[in-house]
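Visitor: Got a predicted model here, sequence first, then my questions.
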Amino acid sequence: MPELPEVETIARGVNARVRGDRIVHAWFAAHNRLFKTPAAMQVKGLEGRVLLAVHRTGKHIVCELSKTPKGNLNGAADLQPDAQWIVHLGMTGRLLVTTPDAAVAAHTHARVQLESGKELRFVDPRRFGKLDFRDLGSGDAFNAAGSEPLLIAQDEFAALFRGRKLAIKAALLNQSLLSGVGNIYADESLFHAGIRPRREAGRLSRAELERLRAALKTVLEHAIQLGGSSVSDYVDAEGMRGFFQLEHCVYLRTGQPCRRCNTPIRRVIIAGRGTHFCPKCQR
DNA sequence: CATTTCACCTGGTGGC
DNA sequence: TGCCACCAGGTGAAAT
């Protein structure tokens, strides 16, 4: 489910609620595929540490942790993290901040209890999500492979696609080029840039690449403002749905009239993913 | 190497 | 009501 705008929304919500709080207890379900780091090691690493900050990198939620001091939020702002807890939500993952007595949803795979009484819960029916723990004393900090689409400069953006024979839609989904773009925002940004998703990435003109980067940035920023897209089950850290699905021009609108020209939206498969476009507006 | 396909999961929907 | 095929915000391993 969650792409850059949804993950950003969740990370901001979690950060606002748990920053400065201390983890007193962590529990994980026994689904081995969820853990890049074994569950027992994550429990050991999380318990006792303070959540300094929670932020997004690509589609990952990164919780910065510190072993040391007690309380004092002002002090926490100056602290260097000594560990990270990294959450990837896969297709259906949720990261929720709840009260301890809130009913435990089906497919809850992690419960992290905080000193304040709040709980961080990871819920993921399809179990495509991933949980990772990094001790920064003995390993490297998390780093996304691809560039941030909101920050990348135009010349660097253009260079990502140079010489590539694959479809631009497939290239946008490749997380080692850009991190954070998924199926919704790839389709929506190609629509706003007026580019057919099957176009060969390396053959886009300079003007098209400029339109594409601008469209991607505008669409992602607008989606963040509206709290992300709730197509079926996405909700933020407080369980609230987003509103950007109301702005979708092509995604999941197969057969419906294009908002700009009324031509029916078409659906094809590219890179194994449903791909939606307007055959008239996109060339 | 670059690129494509498929398996990994559960749940919802629509047709018969 | 059931059964089945197909679809879904992702990604890595295996195949080409």
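Guide: Thanks, I have the structure now.
Visitor: The closest residue to A:P264 other than its chain neighbours and A:F28, how far apart?
Guide: Distances taken as Cβ to Cβ, 6 or more residues apart in numbering put A:G255 closest to A:P264, at 5.3 Å, once the chain neighbours are dropped. C-beta here means a position set from N, CA and C on the backbone, and glycine is covered the same way. Shown here: A:G255 relative to A:F28, a distance of 43 Å by Cβ to Cβ, to the nearest Å.
Visitor: what does chain A have sitting close to DNA strand B?
Guide: Of all the residues in chain A, those in contact range of DNA strand B (Cβ under 7 Å from any atom of the strand) are A:33, A:92, A:106-107, A:125-128, A:164-167, A:170, A:232, A:271-272.
Visitor: filter these down to the ones near DNA strand C?
Guide: Applying Cβ under 7 Å from any atom of the strand to those, those adjacent to DNA strand C are A:R126, A:F128, A:S232, A:G272.
Visitor: quick one: which of those residues has the most company?
Guide: Comparing these on neighbour count, A:F128 comes out first with 15 neighbours (neighbours: other Cβ atoms under 10 Å).
Visitor: quick one, what contacts the residue nearest the centre of chain A?
Guide: Nearest to the centroid of the C-alpha atoms of chain A, with distances taken as Cα atoms, centre = their mean, sits A:K59, at 2.9 Å. For A:K59, the contacting residues are A:P2, A:E3, A:L4, A:V7, A:H88, A:L89, A:Q175, A:S179, A:G180, A:G182, taking Cβ atoms under 8 Å, 6 or more residues apart in numbering as the criterion.
Visitor: Can you tell me the closest non-neighbouring residue to the second one?
Guide: Read that as A:E3. Using Cβ to Cβ, 6+ apart, the closest residue to A:E3 is A:G182 (3.6 Å).
Visitor: related to what we said a few turns ago, next step: the residues of chain A next to DNA strand B restricted to helices.
Guide: Where those overlap with helices, as defined by DSSP state H, the overlap consists of A:A170.
Visitor: coming back round to it: of the ones next to DNA strand C among the residues of chain A next to DNA strand B, just say which sits nearest to A:I195.
Guide: When those are compared for distance to A:I195 (Cβ to Cβ), A:G272 comes out closest, at 19.9 Å.
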